[in-house]
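Colleague: following is a predicted model, sequence given first.
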Amino acid sequence: MVPTDATASDLHRRLTEISASEHDDASRAALSGRHLGLYTLVTLGITLLGFLVLAL
Amino acid sequence: MSRDRQETVRKLPGRADRAQGAAGAQGAHATHDGGTGGSLGSLPLLRSERIWNSADFTGVNISLAIATWAFLVGGSTALLVGFQQGIAAMIIGNAIGLGFMILASVVASQRYGVEQYTILRPVFGLVGVGFLVFTVILITEMGWSSLLAIMVGRAVTQVSNSTFGTDFGPESLMVTLFALGAIAVSWWILSRGPVTIGRFNKFIAPGLIVVTVFLMVFLVLNTSWDTLLTAAPLAPFEDERLNFALAVEFNVGVGVSWYPVMGSLARLTKTPKAALWPSYGGLLGATLIAQVVGMAAALTLGDSDPTVWMLPFGGPVLGAFILLFIAFANITSTSSIVYSTVLAIRQASGSLLSGVRWAWLCAAFFVLPAVLAFFPGFMYQRFMAFVTLSGAFLAPMCGAIIADYFLLRRQRVDLEHLYRHRQESAYHFHGGVNWAGMAAVAVGAAFYLVIYNPVTLTTLPVFGYITASFPAAIVGGIVYFVLAKVLYVRRGLGGYAADVNADAGLATAPEQTIEGRA
């Protein structure tokens, strides 16, 4: 069992490190509007492909 | 619907081992610790701990998707529709179901590196998440665990019948006994920790790819394109529109039911792109291939149960070997499902279960599946109800999560507040419950069950046009958006304004009390 104090300490260390050195890191970037739009279009496109299969 | 129709729908199976490899994947990154489950728990991951790029995560998702559940879903779709309509239903259903499930589960967990039930706290509150985990997630996963075990029992008894000339039926006591044996082995694997699960899954996923290729080769050699296209569905209703809508809804439900495992995997990826596209492409592509093969096999042999296909396809020796392999694959899948679920239970319980040994927690989980194993016929025939009922709750959950994360918080969550105690957390809401989130799930699920009730099999005419899961997700999202605005955003509660104003939503150095568990 991980001791509670150790876990709290680890969490504190992680939050501090994230705040200090990962603020602008690519791993913590928001999903861009471009990718969100593209994702929606791809989903719609594949759905339409399904209806195309049905219609053929 | 008539009794015949009801029986037909009850024969529909659904998702099984979508957690195949999930625990193994996490285990690859985890420190083995049989006492805690050996994972990183709910702590936010650092850059150095994010190990997967796009190619890695695509492989993980393909190995998740190529599994016995896909054969089951493909075979079950063949009960309702023929080959061409079935392919259309699978494409449409999985595209939609995966489409909104991934937005709800993958994106936030990836950005913050946080386990998915922790990142849910802004949407449902700490107590609300615990309630959902102990109801929707727990009951669903217990049901699936028992089904996988019963499938093992059926596979092994078929091998026994073929090899030793026994005559064990699909609902016989021997099926139950082998199912109980499968549960015991699953518990043993699980009690060894996620590293052991990962070791087994390393050869289970490639083995199932071989089984898929084997089925494809057999189908190419033994049936024709024309035969497949003209094959009649195995047990359809009279209404063709209803058949197609049920097939689509079934596949949407299957796509949505990936929810319980995806976020916790995605947090190991390096960028948002490496999480989003491999999730969608990997799951969709591999799922469709395996499901189409399963559907073709079912239409060729006239039976939707994959354990019935292998002996006619492979003969007494190869067929028996494949059945035993599938049985073992189901055992490791059960371990994976229980791993992620028990981990979620432990984290959602606060300090209540933090002192209980990992092996005992897993044993407690298996009690109900073991009892259900005594009713193999009931469980096997009713498992479409599990898929669709879980979809009825998971879909509005996804809708609420999307509304919260993308519309109200603009992809910004205060990382530190996820771990703060009670009133010190902006996500404490009222008594630890975000009532907008809980109401969204309740109203969305009620909307679903009015349109399509999988227990009574009553449907409204509109179900034939719009199905149920996707509309329920939209209803859940709208209810959440409106109630959250009224109850919290306008009153400055719930950290919405702070989230929007925070720079990238990342934590400042924490100074106050934080939750001391992971």
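Modeller: It's in.
Colleague: just checking, what packs against the helix ranked longest in chain B?
Modeller: Using DSSP state H, we find that the single longest helix of chain B is helix B:306-348. Packing partners of helix B:306-348 (3 or more C-beta pairs under 8 Å, 6 or more residues apart in numbering or on different chains; DSSP states H and E): helix B:22-27, helix B:68-80, helix B:138-164, helix B:173-191, helix B:194-222, helix B:259-266, helix B:272-301, helix B:358-365. Every C-beta, even on glycine, is put in place using the N, C-alpha and C of the backbone.
Colleague: what angle separates the longest one from helix B:259-266?
Modeller: In terms of direction (axes from the mean of the first three to the mean of the last three C-alpha atoms, to 10 degrees), helix B:272-301 departs from helix B:259-266 by 140 degrees.
Colleague: and helix B:272-301, average pLDDT?
Modeller: In this model, helix B:272-301 has an average pLDDT of 93.
Colleague: what's the answer for the first one, then?
Modeller: Averaged across helix B:22-27, pLDDT comes to 47.
Colleague: could you do the third one as well?
Modeller: Helix B:138-164 carries an average pLDDT of 88.
Colleague: for it, buried residues please.
Modeller: Residues B:138, B:140-160, B:162 are the ones in helix B:138-164 that count as buried (16 or more other C-beta atoms under 10 Å in any protein chain shown).
Colleague: how about the last one?
Modeller: Under the neighbour-count criterion of 16+ other C-beta under 10 Å, helix B:358-365 has B:358-359, B:361-363, B:365 buried.
Colleague: next: the fifth one.
Modeller: Neighbour-count burial for helix B:194-222, counted by 16+ other C-beta under 10 Å, picks out B:194-201, B:204-205, B:207-209, B:211-212, B:214-216, B:218-219.
Colleague: let me have the buried residues of helix B:358-365 in CSV, extended by distance to residue B:61 and pLDDT.
Modeller: Formatted as CSV, the buried residues of helix B:358-365 follow (distance: C-beta to C-beta, whole Å; pLDDT from 0 to 100):
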residue, distance to residue B:61, pLDDT
B:358, 27, 86
B:359, 30, 90
B:361, 28, 90
B:362, 26, 91
B:363, 31, 93
B:365, 26, 92
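Colleague: could the residues you listed go into JSON lines alongside distance to chain A?
Modeller: Shown next, in JSON lines, are the buried residues of helix B:358-365 (distance: C-beta to the nearest C-beta, whole Å):
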{"residue": "B:358", "distance to chain A": "9"}
{"residue": "B:359", "distance to chain A": "13"}
{"residue": "B:361", "distance to chain A": "12"}
{"residue": "B:362", "distance to chain A": "15"}
{"residue": "B:363", "distance to chain A": "17"}
{"residue": "B:365", "distance to chain A": "19"}
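Colleague: okay, strands next: where are they in the stretch 1-150 of chain B?
Modeller: Counting by DSSP state E, counting those that start in this stretch, the stretch 1-150 of chain B has no strands to list.
Colleague: what parts of it come near chain A?
Modeller: B:33, B:35-36, B:41, B:43-44, B:46-47, B:50, B:84-85, B:87-92, B:95-96, B:99, B:103, B:107, B:111-113 (C-beta under 8 Å from any C-beta of the partner chain).
Colleague: check whether the longest helix seen in chain A contacts chain B.
Modeller: Using DSSP H, we find that the single longest helix of chain A is helix A:33-55. Yes. Contact between helix A:33-55 and chain B, assessed by C-beta under 8 Å from any C-beta, occurs at A:35-36, A:39-40, A:42-43, A:46-47, A:49-51, A:53-54.
Colleague: one more: stretch A:18-29?
Modeller: Yes. Stretch A:18-29 reaches chain B (C-beta under 8 Å from any C-beta) through A:18-20, A:22-29.
Colleague: which one of the residues you listed sits in the busiest neighbourhood?
Modeller: residue A:18 (24 neighbours; other C-beta atoms under 10 Å in any protein chain shown).
Colleague: mind giving me the packing neighbours of the helix or strand hosting that one?
Modeller: In this structure, residue A:18 sits in helix A:4-21 according to DSSP states H and E. Here helix A:4-21 touches no other helix or strand, going by 3+ C-beta pairs under 8 Å, 6+ apart.
Colleague: and it, how far from the chain's centre?
Modeller: 21 Å (C-alpha atoms, centre = their mean, to the nearest Å).
Colleague: show me what counts as buried in it.
Modeller: When burial is assessed from 16+ other C-beta under 10 Å, helix A:4-21 yields the following buried residues: A:7-8, A:10-12, A:14-15, A:17-19.
Colleague: now that helix: mean pLDDT?
Modeller: 83.
Colleague: enumerate every residue touching residue B:120.
Modeller: B:129, B:132, B:401 (C-beta atoms under 8 Å, 6 or more residues apart in numbering or on different chains).
Colleague: give me the buried entries from these.
Modeller: B:129, B:132, B:401.
Colleague: might one say that the first one is in contact with residue B:115?
Modeller: No. Taking C-beta atoms under 8 Å as the contact criterion, residue B:129 and residue B:115 are not neighbours in contact, 11.0 Å apart.
Colleague: quick one: the helices in the stretch 401-518 of chain B, in order.
Modeller: Assigned by DSSP state H, counting those that start in this stretch, the helices in the stretch 401-518 of chain B fall at B:435-451, B:463-466, B:469-484, B:496-501.
Colleague: starting at the chain centroid, how far to the third one?
Modeller: In terms of C-alpha atoms, centre = their mean, the gap separating the centre of helix B:469-484 from the centre of its chain is 21 Å.
Colleague: by contact count, what packs against that helix?
Modeller: helix B:83-105, helix B:240-256, helix B:383-402, helix B:435-451.
Colleague: give me that answer again for 10 Å
Modeller: Applying 3 or more C-beta pairs under 10 Å, 6 or more residues apart in numbering or on different chains; DSSP states H and E, we find helix B:469-484 packed against helix B:83-105, helix B:121-124, helix B:240-256, helix B:383-402, helix B:435-451, strand B:452-453.
Colleague: closest to residue B:288 out of those?
Modeller: helix B:83-105 (5.8 Å; C-beta to C-beta).
Colleague: mind checking how far the closest one is from the chain centre?
Modeller: Computed by C-alpha atoms, centre = their mean, the separation of helix B:83-105 from the middle of its chain amounts to 14 Å.
Colleague: now do stretch B:310-323
Modeller: For stretch B:310-323, the distance to the chain centre is 28 Å (C-alpha atoms, centre = their mean).
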